[in-house]
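> need the 3D shape of this:
(one chain, ligands or ions: 1)
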Amino acid sequence: MKSFTAACIQMRAGRDVAQNAATAAALVSDAAAQGAAFVLTPEMTSLLETKSDDLFAHTRVEEKDEALPVFRALAAEKKIWVLIGSLPVKLAERKLANRSFLISPEGAIAARYDKIHMFDVDLAGGESYRESKNFEAGREAVIADLPWGRLGLSICYDLRFPQLYRALAQAGADFLTVPAAFTRQTGAAHWHTLLKARAIETGCFVFAPAQGGKHECGRETYGHSLVVAPWGEIIAEADHDEPGIVLAEIDPSRIGEARRRVPSLGHDRGFSLPGTVPARQAS
Ligand SMILES: O=C(O)CNC(=O)[C@H](CS)NC(=O)CCC(=O)C(=O)O
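Numbering: from 1, shown residues only. Predicted coordinates:
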């Protein structure tokens with residue numbers, strides 16, 4: 001399998017959907033001009049909004065989303081694959097999906113994934129999140145075909161649930177996406193380590209395009225968009241929280257190499273944990 005260039009877009013999405021889409025689209029175009037065949041954008045590419053009323057006021061059902069057609073047209077024009085990290089998509093009056101879209105070079109929607117794990121967390125200093133208040137959790141893991149191998153989709157907080165990535169890799173994923181809007185606080189402590197761990201455990205390339213900096217809505221995100229190779233090396237990083245592009249040369253033969261060196265992905269064993277109910281892994 002031939003090598004290809006991938007690019008992660010780093011953003012600082014604000015409260016204006018059209019403007020966010022235009023900013024991201026300009027960066028995607030730049031990446032394509034620099035030779036990227038696969039370009040990925042962060043979680044909440046079109047809108048980062050902390051106020052529920054404003055979030056719902058600017059969110060539509062998928063068929064009427066303002067940002068999606070921009071990226072479909074762009075993918076078709078540049079003949080590239082685009083992963084929109086996520087868009088907030090209206091499901092019901094006050095419920096949204098946090099939905100990732102894979103767009104083909106024909107501009108078609110090749111896959112959709114709804115974030116499974118909701119960020120309902122109270123951090124130090126009173127920083128608090130209740131994603132499940134406005135968003136409905138997805139229930140289905142998703143793998144899609146790319147010309148270079150198979151892609152397992154995930155979003156942000158999913159990163160903390162290794163069983164999702166193990167399942168994706170054991171089902172054939174070669175590449176994993178973790179588009180994110182990680183908090184500055186948790187990002188500084190955990191981001192690099194978790195992403196490297198997911199790559200090492202699965203023998204996959206991990207693409208993590210991120211939001212970064214102080215957003216219009218007041219939130220602060222960590223940035224540091226990364227690409228990690230299957231052996232665990234960081235092969236591209238935005239070493240800051242400013243908007244921009246990181247490019248990485250992806251050689252898919254490194255997937256088989258890493259997995260031949262350490263074939264742990266095929267070495268799972270069942271085990272009992274005395275004193276607990278056997279169904280503890282199911283939920
Ligand atoms: O709500 C939005 O507008 C967009 N969604 C997000 O920013 C989501 C849910 S609040 N953020 C995360 O999952 C951060 C996870 C994280 O930081 C960690 O796991 O440490």
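
> which parts of the chain sit against the ligand?
43-44, 48, 119, 129, 131, 156-157, 160, 181-183, 186 (C-beta under 6 Å from any ligand atom). Heads up, the C-betas are built off the backbone N, CA and C, glycines and all.

> neighbour-wise, which one of those leads?
The most crowded member of the residues of the chain next to the ligand, judged by other C-beta atoms under 10 Å, is Glu43 (28 neighbours).

> okay if I get the residues of the chain next to the ligand as a markdown table plus distance to Ile235?
As requested, the residues of the chain next to the ligand are arranged in a markdown table below (distance: C-beta to C-beta, whole Å):
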| residue | distance to Ile235 |
| --- | --- |
| Glu43 | 21 |
| Met44 | 25 |
| Leu48 | 27 |
| Phe119 | 27 |
| Tyr129 | 30 |
| Glu131 | 30 |
| Cys156 | 21 |
| Tyr157 | 24 |
| Arg160 | 23 |
| Ala181 | 23 |
| Phe182 | 19 |
| Thr183 | 25 |
| Thr186 | 23 |
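
> now tabulate those residues in CSV and tack on pLDDT and secondary structure.
Supplementary listing: these in CSV, determined by pLDDT from 0 to 100; DSSP: H, G, I helix; E, B strand; the rest coil:
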residue, pLDDT, secondary structure
Glu43, 98, coil
Met44, 98, coil
Leu48, 98, coil
Phe119, 98, coil
Tyr129, 97, strand
Glu131, 98, helix
Cys156, 98, helix
Tyr157, 98, helix
Arg160, 98, helix
Ala181, 98, coil
Phe182, 98, coil
Thr183, 98, strand
Thr186, 98, helix
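
> quick one: contacts of stretch 193-208?
When contacts are defined by C-beta atoms under 8 Å, 6 or more residues apart in numbering, stretch 193-208 is touched by residues 6, 8, 40, 83, 152, 159-160, 162, 165-166, 168-169, 173-180, 191, 225-232, 234, 250, 252, 254-255, 258-259, 262, 264-265.

> which residues in the stretch 151-283 of the chain form helices?
Ranges of helices in the stretch 151-283 of the chain, per DSSP state H, counting those that start in this stretch, are 162-170, 184-202, 253-261.

> now the angle from the last one to helix 184-202?
Orientation note: helix 253-261 sits at an angle of 70 degrees relative to helix 184-202 (axes from the mean of the first three to the mean of the last three C-alpha atoms, to 10 degrees).

> what's the mean pLDDT across helix 253-261?
For helix 253-261, mean pLDDT rounds to 98.

> just stretch 98-113 next, same as before
Across stretch 98-113, pLDDT averages out at 98.

> ok, stretch 269-282 next?
79.

> so what's the residue in the stretch 1-150 of the chain that the ligand sits nearest to up against?
Nearest to the ligand, among the residues of the stretch 1-150 of the chain, is Phe119, at 3.5 Å (C-beta to the nearest ligand atom). Residues counted as contacts of Phe119 (C-beta under 8 Å, 6+ apart) are Tyr129, Glu131, Cys156, Tyr157.

> just Arg219 next, same as before
Per C-beta under 8 Å, 6+ apart, neighbours of Arg219: Leu48, Thr50, Ala181, Thr183.

> and which of these is nearest to Arg112?
Ala181 (18.8 Å; C-beta to C-beta).
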